[in-house]
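Asks: Please find the sequence and the predicted model below.
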Amino acid sequence: METTVKSKQEKKQPVSALQKEIVINRVFDLPVQKVWQAWTEPEYFKKWWGPKGYTCPSCSMEARVGGKYLSCMRGPDGKEFWSTGVVKEFVPGKKLVVTDHFSDEQGNIKPASEYGMPGNWPSELLITVTMEEAGGATK
């Protein structure tokens, strides 16, 4: 499975000046169907989303192109971080592309600074998750 996170590219500046990408490759000893569920079905997503020590007490997701999601990560200190986005590409068991924004619990987009995030965060990220079967596991 490959996850790619990109900042939204603005048309006024060269792509090379703004495009930032993080690529994470993992192999899970699970069939693709199970890993796909973990990304697209709220009851499974809530079990793993967030850094160590965080929980995901709320998640809604419309798993289809144009569908929206809204999720919450709650830190050990009780602070909540909400995010929302729209599904841009949906190929079951193969590819999921979503936008990602900081938001409030109603899904209204908020700047990262409202969550105390340092630096100059883009208002929108693009997350791409691809999966392929690899001998009974998921790459």
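Replies: Looks like it came in fine.
Asks: My guess is residue 80 contacts residue 73. True?
Replies: Yes: Residue 80 lies in contact with residue 73 (Cβ atoms under 8 Å); the separation is 7.1 Å. All C-beta spots, glycine's among them, are computed from the backbone N, C-alpha and C.
Asks: the more surrounded of these two?
Replies: More neighbours surround residue 73 than the other of residue 80 and residue 73, with 18 against 15 (other Cβ atoms under 10 Å).
Asks: Report the contact partners of the more buried one.
Replies: 49, 50, 51, 54, 55, 56, 80, 81, 83 (Cβ atoms under 8 Å, 6 or more residues apart in numbering).
Asks: Residue 36 falls within a strand, correct?
Replies: No: assessed by DSSP: H, G, I helix; E, B strand; the rest coil, residue 36 does not belong to a strand; its assignment is helix.
Asks: ok, back up a step: now that we have the contacts of residue 73, which one has the most neighbours?
Replies: Busiest of the contacts of residue 73 [other Cβ under 10 Å] is residue 83, holding 22 neighbours.
Asks: any idea how far residue 107 is from it?
Replies: 9 Å (Cβ to Cβ, to the nearest Å).
Asks: Could you look up the SS state of residue 118?
Replies: If you use three-state DSSP, then residue 118 falls in the coil class.
Asks: Can you give me the distance of it to residue 79?
Replies: Between residue 118 and residue 79 the computed distance is 15 Å (Cβ to Cβ).
Asks: Compare these two (neighbour count), which wins?
Replies: Using other Cβ under 10 Å, the more surrounded residue of residue 118 and residue 79 is residue 79, with 11 against 7.
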